[in-house]
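In: Need coordinates for the following:
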Amino acid sequence: MNESYRIHIPRVLVAMYNIRNKRGVGHLGGDVNPNSSDSSLLVACADWIMAELFRIHYQCPLDEAQEIVNALVQRRLNLVHKIGKIKRVLLHSLSQRNQTILLLSSVYPDKVTTDELVQWIEPSNKSRYRNEVLRPLHKERLIEYNDSGWCMILPTGLNYVASQYSSWLSKLEGS
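Out: Numbers count the residues shown, from 1 in each chain. Sure thing, here's the model as predicted:
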């Protein structure tokens with residue numbers, strides 16, 4: 001029997017199980033904050049297991065098998081990129097509304113000042129952005145926004161981002 005089946009894959013699966021179930025990585029919700037590095041580790045481990053299984057059982061030329069494995073373990077593209085204190089939504093076609101919700105979800109459970117959001121999104125008119133984006137999102141209870149200058153995403157906003165994320169990511173990968 002292959003050593004990967006006996007030793008490597010079972011050990012990786014146990015580590016994945018422990019991180020997934022004992023550190024709250026698999027849950028989105030109001031009181032559980034999934035750790036980004038834990039999530040990244042789980043994705044990398046799952047990719048490695050899939051690639052290892054394919055490597056063991058491939059029924060095609062080695063160069064073709066390598067291409068498939070490379071596709072399996074390709075780096076995941078995120079929608080939000082951080083450069084120092086600046087965050088940018090990489091899918092430029094997203095509306096300011098969706099960019100706002102996405103950016104706030106990327107810092108959850110922290111608050112963000114309106115000035116930070118303006119710096120990240122770069123609306124042409126700061127006042128219009130507050131009136132046409134932030135206040136309506138607040139009224140819909142997707143974000144908490146107050147005139148003292150801070151915003152925070154609410155659980156309903158997190159659910160909205162979760163429901164849209166794969167669609168937005170597909171558009172980014174297709175561009």
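In: Confirm Ser93 sits in a strand?
Out: No: read with DSSP: H, G, I helix; E, B strand; the rest coil, Ser93 is coil and lies in no strand.
In: Burial check on the nearest residue to it once chain neighbours are set aside, number of neighbours?
Out: Leaving aside its sequence neighbours, Ser93 sits nearest to Lys171 (Cβ to Cβ, 6 or more residues apart in numbering; 7.0 Å). In short, each C-beta sits where N, CA and C put it, glycine included. Residues within reach of Lys171, counting by other Cβ atoms under 10 Å, total 13.
In: Does Lys171 belong to a helix, a strand or coil?
Out: At Lys171 the chain is in helix, as set by three-state DSSP.
In: I'd assumed Leu90 was in contact with it.
Out: No: applying Cβ atoms under 8 Å, one finds Lys171 not in contact with Leu90, separated by 10.3 Å.
In: Any stretches of this protein with poor pLDDT?
Out: 1, 23-36, 60-62, 65-66, 70-77, 175 (pLDDT under 70).
In: How is the protein partitioned into domains?
Out: Annotated domains of the chain cover 3-72, 80-174 [automatic domain parsing].
In: And stretch 50-70, what's buried?
Out: Ala51, Glu52, Arg55, Ala65, Val69 (16 or more other Cβ atoms under 10 Å).
In: State the pair within those residues that is farthest apart.
Out: Glu52 and Ala65 (11.9 Å; Cβ to Cβ).
In: What number of neighbouring residues does Leu137 come out with?
Out: Around Leu137 there are 22 residues (other Cβ under 10 Å).
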